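>>> need a structure here:
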Amino acid sequence: MSAAEEVVAEGHQAVEAVPKRAMTLGTGTSLVVLAALLLVPMFVKNFIIFQMTMLLIYGLAVLALNILTGGSGQFSLGQSAFYAVGAYTSAVLMEHANINYALTIPISATVCFGFGYLFGKPALRLSGVYLALATFALATAMPQLLKLNFLEHWTGGVQGLVVTKPDAPFGLPMSQDTWLYYFTLIVTVAIYLLSVNLLRSRSGRAFMAIRDNEIAASSMGVNVSRYKTLAFGVSAAITGVAGSLGAIAVQFVAPDSYTITLAISLFLGMVVGGVGWLPGSFVGAAFIIFVPNMAESISKGLSGAVFGVLLFLVIYLVPHGARQIAILGQQFAGKLRKN
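This is a model prediction of the structure:
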């Protein structure tokens, strides 16, 4: 085999590096999880419903990062900036232009896609830790940009904007929190399915080829620069949708709500859930929402230290995240079937 053929063969292996079934759950498991999510609001109080809504929202944001990092191999610590752009886009459109909350979500996605795509263009020259630092700079700068005087009329400056939480449509007999939960669930399921299909498509295989071996992907004819910027745009768009839903759920947006701490939390959620495994995005989101509360219940004065210890134990016991647990479960189930 010639050297060129070896490179092409290596690139082909890179394209097929992640099996289709490895990206998501089985059909039966997915239906059980969906049924559980549909039934949850019937048995819990509004505060738990709000927390479940935030879990879905953060899950979307982590999923977006998973597409960028787990899919195309580009590290980002700037997701909080895209989340902020999506949140402020919806807030401004709802409060200043009186646009329906549902219509602001695709607008936020479009704005964030453009923002992410444009940011991805100059970022093509960077990779690895240098790309992570560039996105870190974006996340650090965004809260300060939102406080600029000439934007204060629209953004509310330091004080932020209050967002009106929508009522259930058509006179449906449910609370605002319950309706928003179901609305968020519909959007989440739709984006999740689109994301799975994206990674299984030709574009998704190109993402994974670039992630595994950029030189081999290029030799196969993959337009590396186009697909890298496309991955940034898609990730930013999904994060923008999460930001929009978050602004509506929390009913408030302010610059200091979207600091680098949020970006690091989303990155942490991706690692805990398993890099490259889409269902793990929601496991990671549950970790960053519920575990800090558990740490505070253990010790209010040392909640940060307790959280750090719990995080260390998770990383030590399951270094590949929730995906590792899922794989072990599948292997155990396979052995039971053989017996």
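
>>> Let me know the secondary structure of residue 301.
coil (DSSP: H, G, I helix; E, B strand; the rest coil).

>>> Burial check on it, number of neighbours?
8 (other CB atoms under 10 Å). Placement of C-beta: from N, CA and C, glycine included.

>>> gap between it and residue 295?
11 Å (CB to CB, to the nearest Å).

>>> Residue 268 now?
When residue 268 is compared with residue 295 (using CB to CB), they lie 13 Å apart.

>>> try residue 111
36 Å.

>>> what do you get for residue 181?
25 Å.

>>> Looking at the two, which is more packed in?
residue 181 (27 against 20).

>>> Could you list the low-confidence segments of this structure?
Within the chain, the ranges that satisfy pLDDT under 70 run 1-24, 326-334, 339.

>>> can you tell me which helix in it is longest?
Taking DSSP state H as the criterion, the chain has its longest helix at helix 224-250.

>>> how far out from the middle of the chain is that helix?
Taking CA atoms, centre = their mean, to the nearest Å, one finds helix 224-250 lying 8 Å from the centre of the chain it belongs to.

>>> What pairs with the following helix or strand past it, parallel or antiparallel?
Next helix or strand after helix 224-250 toward the C-terminus (DSSP states H and E): strand 252-253. According to DSSP bridges, strand 252-253 forms sheet pairs with strand 161-162 (antiparallel).

>>> Any figure for the gap between residue 118 and residue 264?
From residue 118 to residue 264 the distance is 24 Å (CB to CB).

>>> Same question for residue 109.
From residue 109 to residue 264 the distance is 24 Å (CB to CB).

>>> between these two, which one's more packed in?
Per other CB under 10 Å, whichever of residue 109 and residue 264 has more neighbours is residue 109, with 23 against 16.

>>> so that one makes contact with residue 242?
No - using CB atoms under 8 Å, residue 109 is not in contact with residue 242, being 9.9 Å away.

>>> list the residues that contact both of those two?
Applying CB atoms under 8 Å, 6 or more residues apart in numbering, one finds that residue 109 and residue 242 are jointly contacted by residue 86.

>>> Go through stretch 154-163 and flag the buried ones.
155-157, 160-161, 163 (16 or more other CB atoms under 10 Å).

>>> Same check on stretch 32-40?
For stretch 32-40, by 16+ other CB under 10 Å, it's residue 37.

>>> contacts for that stretch?
Applying CB under 8 Å, 6+ apart, the external contacts of stretch 32-40 come out as 25, 48-49, 52, 181, 185, 189.

>>> got it, and stretch 156-165?
Under CB under 8 Å, 6+ apart, the answer for stretch 156-165 is 88, 90-92, 94-95, 147, 149, 151, 155, 176, 180, 247-257.

>>> mind checking the end-to-end distance for stretch 123-135?
9 Å (CA to CA, to the nearest Å).

>>> can you pull the buried residues of that stretch?
Under 16+ other CB under 10 Å, the buried positions of stretch 123-135 are 123, 131-132, 134-135.
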